[in-house]
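A.B. asks: Sharing a model prediction with you, sequence too.
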Amino acid sequence: MNSASSIATQPEDADIVIFGASGDLTNRKLLPALAHMYRWNLIAPGSRIIGVLREKHEVRGWNEQVHASLLKYAPDIVNNNTLWNGFSRMLHPIQGDLEDESFYQRLSDVVEDSNTAMNVLFYFAIPPAYYHVTSRNLHAVRLTDEEKGWRRLVIEKPFGMDLDSARHLNRCLLSYFDEAQIYRIDHYLGKESVQNLLAFRFANAVFEPLWNRNYIDHVQITVAESIGIEYRGGYYEKSGALRDMVQNHLLQLLALVAMEPPAEISATGVRNEKIQVLQSIHRMTPEEVKTHAVRAQYGAGMLDDEPVKGYRWEKDVARDSNTETFVALKMYIDNWRWQGVPFFLRTGKRLPSRVSEIAIRFRQAPLNMFKHTASTIEPNELVFRLQPNEGMSLSLNAKQPGLTMHLHPLQLDAPYAEDSSNMPEAYETLLYDVLLGDATLFNRGDEVEEAWKVVTPIMEAWQENHKVTLYPAATWDIPGMDELIAGHEGGWRQL
Ligand SMILES: NC(=O)c1ccc[n+]([C@@H]2O[C@H](COP(=O)([O-])OP(=O)(O)OC[C@H]3O[C@@H](n4cnc5c(N)ncnc54)[C@H](OP(=O)(O)O)[C@@H]3O)[C@@H](O)[C@H]2O)c1
């Protein structure tokens, strides 16, 4: 962020109210992101971070709690006294139970007490079951009114658990906030590679003419994790990989790859184009689900020479659970640009490594003119790496140095930063955007609903047939995965 911060605009003063200030997300992601933003002058000096804590004793101990979290997740801040002192002066804890109506009046008084502009960012780092009651109570004390400054709401996924509940959530939120005030966060969209996808596509003339069915054989989007479900068994049992990852992160990535050039890179421009893609994704029939969708669940296995247990033996998971921890899909987009080009999506837990990437695999050259040299020609591939080591690479065929005309693959590799530790974390980028009022990288309500419509036929077909197959943890030995891509140029990328 250091180079970025030198050209970045500083947002206006604002109160950043974090509901759920004692929670995991706040401690692991929000506070470190805010501390780094403070470090790079991306929070105006008159801003406050108001942490809502349920218990009085937590209010007294909040500074120590924040210090402890930063020591773990942003040690550069706490190891520098000037930075820590400055940042900790921004912290204003307040006691409040989300269901206690009187708390919201106290919160309103605290906000009114600000001696700077009354811009307020409400961050719901709380269980989704509280989104409604909290919005309603904020509205009741007019904290959602924008008379004295802007008011913005950030909410975290899950945005519903199916189409009906997503619609219900949207309706609830829209009773109290305008759509333009709501920032539905998807941290994948804050990653440097995702923003770079827009830059590569729309700031370079070389790619766009190739970006269609005439040149692209298929697209692979992979989000692989090596961790299991950790402590989230209760949530995951109701969710599964399709709801937890595909409905949001993977479909958002697909939409950014496939969208038409927007009229401008703006919230309206980009989101209008993304929704067109989501609307054009072919809805699978029950028959197609059998051949175009694979699901599986991790069994026991070995990871880094340590035994790991199978999903069914995780905490809060039923011993006969059929929840999928892996999904692979073959999707088609019914429009002129992409007709007949499959988009392969795969995501799962307890895979051999943590890798996320978007790979564009081009068609073979029309004719191998080097057959006589016994050289094979590989299809070109453009890869945007989301993690690890954010960057992009392009694979080409080139002549091997020497006297004979032999071809070999040549990889042009471009990390986005020489030292990736200097790159902003997704939450820094996204929080900064909220403070500036730029919703380009956030989901709009209609996109969320459209994405649910894409996965609903798959969810319904899987409900009919409960059976899920198993894969050994930390392997790619997933039954049906290879068959899904059979016949397409080059098969799955080996990660
Ligand atoms: N953690 C992640 O990495 C992650 C990733 C994606 C999305 N999310 C979403 O982010 C949100 C927060 O997740 P999380 O993992 O941080 O959950 P969490 O660790 O369980 O934290 C929930 C927070 O809400 C507070 N809270 C709950 N009920 C309350 C009440 N009645 N009054 C006041 N405070 C109350 C809790 O306070 P107490 O400590 O007093 O219970 C806690 O601070 C959820 O919507 C989740 O789906 C989280």
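C.D. replies: That came in fine, so what should we check first?
A.B. asks: now the end-to-end length of stretch 207-214.
C.D. replies: Between the opening and closing residues of stretch 207-214 lies a distance of 13 Å (CA to CA, to the nearest Å).
A.B. asks: Same question for stretch 121-135.
C.D. replies: First-to-last distance for stretch 121-135 - CA to CA - comes to 13 Å.
A.B. asks: From the centre of this structure, give me the residue that's furthest out.
C.D. replies: In the chain, the residue that sits farthest from the middle, by CA atoms, centre = their mean, is L403; the gap is 48.6 Å.
A.B. asks: any idea how far Y231 is from it?
C.D. replies: With the distance defined as CB to CB, to the nearest Å, L403 ends up 61 Å from Y231. Using the backbone N, CA and C atoms, a C-beta is placed for each residue, glycine as well.
A.B. asks: and if you look at E357?
C.D. replies: The gap separating E357 from Y231 is 27 Å, by CB to CB.
A.B. asks: Please identify which of the two sits among more neighbours.
C.D. replies: When E357 and Y231 are compared on other CB atoms under 10 Å, the one with more neighbours turns out to be E357, at 22 against 11.
A.B. asks: Setting the sequence-adjacent residues aside, check what's closest to that one.
C.D. replies: On the basis of CB to CB, 6 or more residues apart in numbering, the spatially nearest residue to E357 that is not a chain neighbour turns out to be R385, at 4.9 Å.
A.B. asks: Is it correct that N41 falls within a strand?
C.D. replies: No: the secondary structure assignment for N41 gives coil rather than a strand, going by DSSP: H, G, I helix; E, B strand; the rest coil.
A.B. asks: Close to the ligand: what parts of this structure are there?
C.D. replies: Contact residues, the chain versus the ligand (CB under 6 Å from any ligand atom): 20-25, 54, 97-99, 125-128, 130, 156-157.
A.B. asks: Of those, which belong to helices?
C.D. replies: Using DSSP state H, the members of those that fall within helices are D24, L25.
A.B. asks: Buried members of the residues of the chain next to the ligand into ChimeraX, please.
C.D. replies: Here is the ChimeraX command that selects only those of these that count as buried (16 or more other CB atoms under 10 Å):
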select :20,21,22,25,98,125,126,128,156,157
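A.B. asks: Let me know the pLDDT of the residue farthest from the centre of the chain.
C.D. replies: According to the model's per-residue confidence, L403 sits at a pLDDT of 90.
A.B. asks: And it, how close does it get to the ligand?
C.D. replies: With distances defined as CB to the nearest ligand atom, to the nearest Å, the gap from L403 to the ligand amounts to 56 Å.
A.B. asks: Same check on G340?
C.D. replies: Look at G340 and the ligand: by CB to the nearest ligand atom, they are 35 Å apart.
A.B. asks: Could I get the contacting residues of that residue?
C.D. replies: For G340, the contacting residues are R213, Y332, by CB atoms under 8 Å, 6 or more residues apart in numbering.
A.B. asks: And D438, by the same measure?
C.D. replies: Contacts for D438 were tallied using CB under 8 Å, 6+ apart; they are A267.
A.B. asks: What of V78?
C.D. replies: H67, L70, L71, W84.
A.B. asks: How about H282?
C.D. replies: Residues in contact with H282 (CB under 8 Å, 6+ apart) are M331, Y332, I333, D334.
A.B. asks: 7 Å instead?
C.D. replies: Taking CB atoms under 7 Å, 6 or more residues apart in numbering as the contact definition, H282 lies against M331, Y332, D334.
A.B. asks: cool, and L256?
C.D. replies: The neighbourhood of L256, defined by CB under 7 Å, 6+ apart, consists of V194, L197, L198, K274.
A.B. asks: Could you check how far the third one is from L441?
C.D. replies: Meaning L198. As judged by CB to CB, L198 and L441 stand 10 Å apart.
A.B. asks: of those two, who's got more company?
C.D. replies: In this comparison of L198 against L441, neighbours counted by other CB under 10 Å, the higher total goes to L441 at 26 against 17.
A.B. asks: Would you list the phi and psi of that one?
C.D. replies: Backbone torsions of L441, given as degrees, to the nearest 10, read phi -100, psi 20.
A.B. asks: Make sure it is actually in contact with Y188.
C.D. replies: No: contact between L441 and Y188 fails when scored by CB atoms under 7 Å: they sit 9.4 Å apart.
A.B. asks: any shared contact partners between the two?
C.D. replies: Common neighbours of L441 and Y188, counting by CB under 7 Å, 6+ apart, are absent.
A.B. asks: So what touches the helix or strand that contains A359?
C.D. replies: Assigned by DSSP states H and E, A359 falls within strand 355-362. The contact list for strand 355-362 (CB under 7 Å, 6+ apart) reads 197, 215-224, 253, 257, 379-387, 489-490, 493, 495.
A.B. asks: So how do I select the buried members of these in ChimeraX?
C.D. replies: Typed into ChimeraX, the line below selects the buried ones among the contacts of strand 355-362, using 16+ other CB under 10 Å:
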select :197,216,217,218,219,220,221,222,223,224,253,257,379,380,381,382,383,384,385,386,387,493,495
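A.B. asks: so where's the stretch 51-200 of the chain uncertain?
C.D. replies: Of all residues in the stretch 51-200 of the chain, those with pLDDT under 70 make up the ranges 116-117.
A.B. asks: in this protein, which residue is closest to the centre?
C.D. replies: Among the residues of the chain, the one closest to the centroid is Y188, at 2.5 Å (CA atoms, centre = their mean).
A.B. asks: ok, now which ones touch that residue?
C.D. replies: Neighbouring residues of Y188 by CB under 7 Å, 6+ apart: V194, H249, Q252, L253, L386.
A.B. asks: Confirm the second one sits in a strand?
C.D. replies: No: checked against three-state DSSP, H249 lies outside a strand; its state is helix.
A.B. asks: Start the count at 78 instead of 1 going forward.
C.D. replies: Noted, 78 is the first residue going forward, which turns the last one into H326.
A.B. asks: Contacts only, for the residue of the stretch 378-527 of the chain found nearest the ligand.
C.D. replies: Checking the stretch 378-527 of the chain residue by residue against the ligand with CB to the nearest ligand atom singles out Y504 as nearest, at 10.0 Å. Contact analysis of Y504 by CB under 7 Å, 6+ apart lists K106, L107, A110, H264, G267.
A.B. asks: now, among the residues you listed, which is nearest to the ligand?
C.D. replies: If you rank the contacts of Y504 by distance to the ligand using CB to the nearest ligand atom, K106 comes first, at 6.4 Å.
A.B. asks: Is it correct that the closest one falls within a helix?
C.D. replies: Yes: assessed by three-state DSSP, K106 belongs to a helix.
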